[in-house]
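[1] the sequence isn't on hand, but the structure is:
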């Protein structure tokens, strides 16, 4: 967000779009800021909400066998589609995510019924990543019912990926929902147990595990900061020496 845009919004000269509110609200639910579901009179705001019905239908169809004669995309094609989706989510481009997400989820659902073995495990990892983008989209617009359904689906899909770190990341989604409804202690306890489970991998300085371990600390710090608990927030910084790895690429993608 540019400084000039933020200034105009603060001065009431420009409306705060859903994408802007989501980008600046950090870990605070947009519903707490706007009284979701919220629609302004802006044409763009209505347009982004109009993207939700197709997504809702695909979410409801997640575990149904696809009724189509078309061929499944290759794993490489799926990987590229999910990478693009994750990039849009990271950029806070809710409109782009909303357009792409139903099709990407449908392609992954079809692939999960076509591929077997190691290829299917890769598909399930990609599906879990796409759900992460879906969570950001639905929570950002205030569709918390869909965000909760996606969390349920993540809990089913991630264990089929043969990736323990994907399963660990599912804990952050549950913890986020507990914090959002004011149950800070339960959310923090879940995050702490997840960190405990990673201790052995962190001690081995495995880059992916250290990255997830740091993300769990970040989530905990965000939750305690929301509660204005400075002491507990500071417990998550700095990380222990064992969790300071050599420089590595961020993980997971998106």
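    Thanks, I have it. All of these numbers come straight from a predicted model, not from anything done at the bench.

[2] how far is the lengthiest helix in the chain from where the chain is centred?
    In the chain, assigned by DSSP state H, the helix with the most residues is helix 117-141. Relative to its chain's centre, helix 117-141 lies at 8 Å (C-alpha atoms, centre = their mean, to the nearest Å).

[3] just stretch 103-115 next, same as before
    Worked out by C-alpha atoms, centre = their mean, stretch 103-115 lies 19 Å from the chain centre.

[4] could you do stretch 111-123 as well?
    The chain centroid and the centroid of stretch 111-123 are separated by 22 Å, computed with C-alpha atoms, centre = their mean.

[5] could I get the average pLDDT for that stretch?
    The predicted model assigns stretch 111-123 a mean pLDDT of 97.

[6] offset the numbering so it begins at 48, please.
    Noted, 48 is the first residue going forward, which turns the last one into stretch 158-170.

[7] so what touches it?
    112-113, 119-120, 122, 125-126, 155, 171, 174, 207-210 (C-beta atoms under 8 Å, 6 or more residues apart in numbering). C-beta: built from backbone N, CA, C; applies to glycine.

[8] of these, buried ones?
    For the contacts of stretch 158-170, a neighbour count by 16 or more other C-beta atoms under 10 Å gives the buried set as 113, 119-120, 122, 125-126, 155, 171, 174, 207-208, 210.

[9] and those, which of them are in helices?
    Using DSSP H, 122, 125-126, 155, 171, 174 are the members of those that sit in helices.

[10] ok so, going back, tabulate the buried ones among the contacts of stretch 158-170 (JSON lines), appending distance to residue 145.
    Conversion of these to JSON lines gives the following (distance: C-beta to C-beta, whole Å):
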{"residue": "113", "distance to residue 145": "21"}
{"residue": "119", "distance to residue 145": "23"}
{"residue": "120", "distance to residue 145": "20"}
{"residue": "122", "distance to residue 145": "25"}
{"residue": "125", "distance to residue 145": "19"}
{"residue": "126", "distance to residue 145": "21"}
{"residue": "155", "distance to residue 145": "17"}
{"residue": "171", "distance to residue 145": "23"}
{"residue": "174", "distance to residue 145": "18"}
{"residue": "207", "distance to residue 145": "26"}
{"residue": "208", "distance to residue 145": "25"}
{"residue": "210", "distance to residue 145": "27"}
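
[11] now for the residues you listed: which two are most distant?
    The span of the buried ones among the contacts of stretch 158-170, defined through C-beta to C-beta, is set by 113 and 210 at 23.7 Å.

[12] so residue 201: helix, strand or coil?
    Three-state assignment for residue 201 (DSSP: H, G, I helix; E, B strand; the rest coil): helix.

[13] is it true that residue 131 touches residue 150?
    No: using C-beta atoms under 8 Å, residue 131 makes no contact with residue 150, being 11.3 Å away.

[14] buried sites along stretch 159-167?
    For stretch 159-167, a neighbour-count test (16+ other C-beta under 10 Å) marks 159, 162, 167 as buried.
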